[in-house]
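Participant: sequence and predicted structure below; questions after.
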Amino acid sequence: KQEVTQIPAALSVPEGENLVLNCSFTDSAIYNLQWFRQDPGKGLTSLLLIQSSQREQTSGRLNASLDKSSGRSTLYIAASQPGDSATYLCAVNTGNQFYFGTGTSLTVIP
Amino acid sequence: DGGITQSPKYLFRKEGQNVTLSCEQNLNHDAMYWYRQDPGQGLRLIYYSQIVNDFQKGDIAEGYSVSREKKESFPLTVTSAQKNPTAFYLCASSASAGVYEQYFGPGTRLTVT
């Protein structure tokens, strides 16, 4: 069964800092990997989707990379802002199911 | 606006009662999913459906039931057999299973006392 791990569980940074969130998974047989943002008490908002054949995707200040062979993905956030404070989750798609990590809770301090 | 709606946002029930959570999408997506989220745990899959009139159990289906009579609707019933039903329930959809991304609704918080 696919296991997805996100480290660290929580992260606090000053505004303006660049940061990296990590996601690892145990089975490299995936279709794609998706990064989400979740605000307290809300649903998940899709940030980036990387197909298994891709190495990275970019959207604004966000850049996600994928190394399928080593079972790793990173989400890079440039020039962090207080509005980036949220929980970030990664999910791997095995075809029929998506498996989620437990998330990284990010706090950006003004 | 295209999207996924879940109702109600908050739901309170007494122990022993069945309750049905609504999920509707107007994205014309074939696949729909139900997840449960508990504090400190990742999302866990309850049921998923890839086409109308067909659905499969996820990792934690015991105590839950679903139906998929219409493409746009995928209601979840939490039965009295579910031992710990208090949780945040999230519905999602994707164009089809496989290469497409998932989109999520706003969630329903169920409290059973």
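Facilitator: Good, I have the coordinates.

Participant: can we go C-alpha only for contacts and neighbour counts from here?
Facilitator: Fine.

Participant: ok, now which ones touch residue 61?
Facilitator: Just so you know, I chose chain A. Neighbouring residues of residue A:61 by C-alpha atoms under 8 Å, 6 or more residues apart in numbering or on different chains: A:76-79.

Participant: oops, I was thinking of chain B
Facilitator: B:45-47.

Participant: one more pass at 10 Å, please.
Facilitator: B:34-35, B:44-48, B:78, B:82 (C-alpha atoms under 10 Å, 6 or more residues apart in numbering or on different chains).

Participant: do residue A:37 as well
Facilitator: A:43-48, A:84-90, A:103-105.

Participant: name the nearest of these relative to chain B.
Facilitator: Nearest to chain B among those is residue A:43, at 4.2 Å by C-alpha to the nearest C-alpha.

Participant: any part of the helix or strand bottoming out on mean pLDDT in chain A near chain B?
Facilitator: Lowest by mean pLDDT, DSSP states H and E among the helices and strands of chain A is strand A:98-100, with a mean of 93. Yes: Strand A:98-100 is in contact with chain B by C-alpha under 10 Å from any C-alpha of the partner chain, via A:98-100.

Participant: TSV for the residues you listed, including distance to residue A:25?
Facilitator: TSV is the format used below for the residues of strand A:98-100 next to chain B (distance: C-alpha to C-alpha, whole Å):
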residue	distance to residue A:25
A:98	12
A:99	9
A:100	10
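
Participant: by neighbour count, which of those residues wins?
Facilitator: residue A:100 (27 neighbours; other C-alpha atoms under 10 Å in any protein chain shown).

Participant: thinking that one is in contact with residue B:42, fair?
Facilitator: Yes: in this structure, residue A:100 is within contact of residue B:42 by C-alpha atoms under 10 Å, at 5.7 Å.

Participant: between the two, what contacts are shared?
Facilitator: A:4-5, A:89-91.

Participant: OK, contacts around residue 76?
Facilitator: Just so you know, I chose chain A. Per C-alpha under 10 Å, 6+ apart, neighbours of residue A:76: A:18-22, A:58, A:61-65.

Participant: nope, chain B
Facilitator: Residue B:76 touches B:19-23, B:33-34, B:46-47, B:64-68, B:89, B:91, counting by C-alpha under 10 Å, 6+ apart.

Participant: show me the residues you listed that map onto strands.
Facilitator: B:19-23, B:33-34, B:46-47, B:64-66, B:89, B:91 (DSSP state E).

Participant: which of those residues come close to chain A?
Facilitator: B:33, B:47, B:89, B:91.

Participant: now for the residues you listed: which two are most distant?
Facilitator: With C-alpha to C-alpha as the measure, no two of these lie farther apart than B:47 and B:89, at 11.7 Å.

Participant: give me the common contacts of those two.
Facilitator: Common contacts of residue B:47 and residue B:89 (C-alpha under 10 Å, 6+ apart): B:34-36, B:76.

Participant: please tell me which one of those residues counts the most neighbours.
Facilitator: residue B:34 (24 neighbours).
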